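**Q** got a structure for you, letters missing:
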């Protein structure tokens, strides 16, 4: 006798789920700065010695922003100062305009407004000035750390 066996096929099952791709675009801006370097090679009493630097703003969209600067890590009252390792100081200022008459600070009226166009990019120029190079400076690198922040 011949037995025919039915091959046991597994039952076909079907299941499904959904996949939902998402991305969150953060409403944000980034500020990028560069070094502001002064050339005081003319020596003591030279001045004014000017410098500039670019501040670039990149936002996720078109944005109106304000760029604030603190007084730096070596300020004496409202006077910004660069300091070297020996503790000597060179007073300087950072300004919002080419004439260097509007000090760049923090808050409404003290910090410039800007707009990031297109994909959200804008830039501003910061104008630096050492009014007069002090006498008897110890050789070395003089620096300060100024925090630049944006409100948008």
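**A** Thanks, I have it. In this text, all values refer to a predicted model and were calculated from it rather than measured experimentally.
**Q** element containing residue 55?
**A** Per DSSP states H and E, residue 55 falls inside strand 49-59.
**Q** Show me what that strand pairs with in its sheet, parallel or antiparallel.
**A** strand 29-33 (antiparallel), strand 121-130 (antiparallel) (DSSP bridges).
**Q** Look up phi and psi at residue 15.
**A** phi -140, psi 150 (degrees, to the nearest 10).
**Q** What's the separation between it and residue 21?
**A** Going from residue 15 to residue 21 by Cβ to Cβ, to the nearest Å gives 20 Å. Every C-beta, even on glycine, is put in place using the N, C-alpha and C of the backbone.
**Q** wouldn't residue 102 be in contact with residue 96 here?
**A** Yes: look at residue 102 against residue 96 with Cβ atoms under 8 Å: they come within range, at 4.4 Å.
**Q** Between the two, point out the one with more neighbours.
**A** residue 96 (20 against 14; other Cβ atoms under 10 Å).
**Q** residues touching the more buried one, list them.
**A** Neighbour list for residue 96: 102-104, 111-112, 126-127 [criterion: Cβ atoms under 8 Å, 6 or more residues apart in numbering].
**Q** Ok, residue 134 next?
**A** So residue 134 contacts 44, 88-91 (Cβ under 8 Å, 6+ apart).
**Q** and those as a markdown table, adding distance to residue 147 and neighbour count?
**A** Below are the contacts of residue 134 laid out as a markdown table (distance: Cβ to Cβ, whole Å; neighbours: other Cβ atoms under 10 Å):
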| residue | distance to residue 147 | neighbour count |
| --- | --- | --- |
| 44 | 30 | 12 |
| 88 | 23 | 16 |
| 89 | 19 | 17 |
| 90 | 19 | 21 |
| 91 | 19 | 17 |
